[in-house]
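Asker: Structure of the sequence below:
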Amino acid sequence: MKKIVFGLLTTLSVITYSCSNNATNKPSAEQTPAAQEDTTEVKVVKASFTKVDAGVTAYMKNLTNSYLQIKNALIAGKATDAGDAAKNMSAAMKGFDKSLLSADQKNVYDQNEEDLKEHAEHITKSTGDIEHQREHFSMMSEDMSSLVKAFGGGKTLYNDHCPMAKNGKGANWLSETKEIKNPYFGEKMMECGEVEEEIQ
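Answerer: Residues are numbered from 1 along each chain as shown. Next comes the predicted model:
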């Protein structure tokens, strides 16, 4: 029993240390001039397609909003709300007119569409298993990242990374704010992660 308790305490210590946002490695305010307090460089990414039909722009904004609703529901630990938002995402995809896309745009969209539909379906049907929702959300995030980097998401987005997600393999997600709120752990480790990119 003592070995189990010790093992759990050791694991918790490692997780807490890994997700401390490197607070111990950063100089204190007294040691660092105010202008250099945040030396973290965030890569800025612009949408690759500069000419996009207005209908596609509106669709991408709608898709992004549904995605962000899923993300925020997972942060709050609300599996039912995540399922509802994923259902909205599925409905939006069914109604999208792909004839509005150029050949290059269609190629990028088609590479991500089926996976997005599958992940949205899993999240919709798994309202009793938030960890399963989070697993599919991590894969959905990869597809959404590809799409917003190509078409834009109707707003500035931040590509965040949590090194502890997926059993230490790490996972990314998109957010509408710079503040880290982790959808993979929610209240357990809300601030675990860092901003890697700003997508405009």
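Asker: Distance check, the nearest residue to residue 153 once chain neighbours are set aside against residue 46.
Answerer: Once flanking residues are discounted, residue 153 sits nearest to residue 64: 3.7 Å by Cβ to Cβ, 6 or more residues apart in numbering. Heads up, the C-betas are built off the backbone N, CA and C, glycines and all. Note on residue 64: its distance to residue 46, by Cβ to Cβ, to the nearest Å, is 16 Å.
Asker: Settle it for me: which of the two has more neighbours?
Answerer: A count of neighbours by other Cβ atoms under 10 Å puts residue 64 above the other of residue 64 and residue 46, at 22 against 10.
Asker: In contact with that one, which residues are there?
Answerer: For residue 64, the contacting residues are 144, 148, 153-155, 157, 174, by Cβ atoms under 8 Å, 6 or more residues apart in numbering.
Asker: ok, it to residue 167 distance?
Answerer: 28 Å.
Asker: With residue 95 instead?
Answerer: Counting by Cβ to Cβ, the gap from residue 95 to residue 167 is 37 Å.
Asker: what about these two, which has more around it?
Answerer: Remark: of residue 95 and residue 167, residue 95 carries more neighbours, 9 against 6, as counted by other Cβ under 10 Å.
Asker: re earlier: mind checking the SS state of the residue nearest to residue 153?
Answerer: helix (DSSP: H, G, I helix; E, B strand; the rest coil).
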